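Student: what follows is a protein structure lacking sequence information:
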């Protein structure tokens with residue numbers, strides 16, 4: 001968490017976060033996503049690899065969903081949220 005915070009403080013032009021929530025307490029996960037979302041969107045290029053789809057799509061503009069190493073869905077964060085919602089409501 002310290003490394004992520006330190007990197008974000010320098011306002012990088014680009015960043016890659018690979019599973020930033022892995023192994024963190026839920027309160028720290030929320031903080032990491034808030035820090036990432038607070039970075040100016042116009043100046044930063046960000047890539048986020050994350051299994052917590054809800055958190056990732058909350059701060060994303062665009063996303064890719066992968067299964068066994070293959071891209072199975074791709075689109076805007078809004079489109080992917082809608083797809084996720086429609087899949088969960090029909091799988092019950």
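Tutor: Happy to help now that I have it. In this text the structure is predicted, and so the values were computed from the model without any measurement.

Student: where are the low-confidence patches of the protein?
Tutor: The chain contains residues with pLDDT under 70 at 1, 39-44, 84-92.

Student: would you map out the domains in it?
Tutor: 1-48, 61-92 (automatic domain parsing).

Student: tell me which of those domains lies nearest to residue 55.
Tutor: Among the domains of the chain, domain 1-48 comes nearest to residue 55, with 5.2 Å by C-beta to C-beta. (Each C-beta comes from the backbone N, C-alpha and C, glycine too.)

Student: could I get the domains of the chain as TSV with mean neighbour count and distance to residue 54?
Tutor: Formatted as TSV, those follow (neighbours: other C-beta atoms under 10 Å; distance: least, C-beta to C-beta, whole Å):
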stretch	mean neighbour count	distance to residue 54
domain 1-48	13	10
domain 61-92	11	8
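
Student: quick one: contacts for the residue lying closest to residue 37 once chain neighbours are set aside?
Tutor: Excluding its sequence neighbours, the residue lying closest to residue 37 (C-beta to C-beta, 6 or more residues apart in numbering) is residue 59, at 4.2 Å. Residue 59 is in contact with 33, 36-37, 48, counting by C-beta atoms under 8 Å, 6 or more residues apart in numbering.

Student: of these, which belong to helices?
Tutor: 33, 36-37 (DSSP state H).

Student: which parts of this structure are helices?
Tutor: Using DSSP H, helices in the chain cover 2-9, 26-38, 53-59, 77-90.

Student: centroid residue for the chain?
Tutor: Closest to where the C-alpha atoms of the chain average out (C-alpha atoms, centre = their mean) is residue 56, at 2.6 Å.
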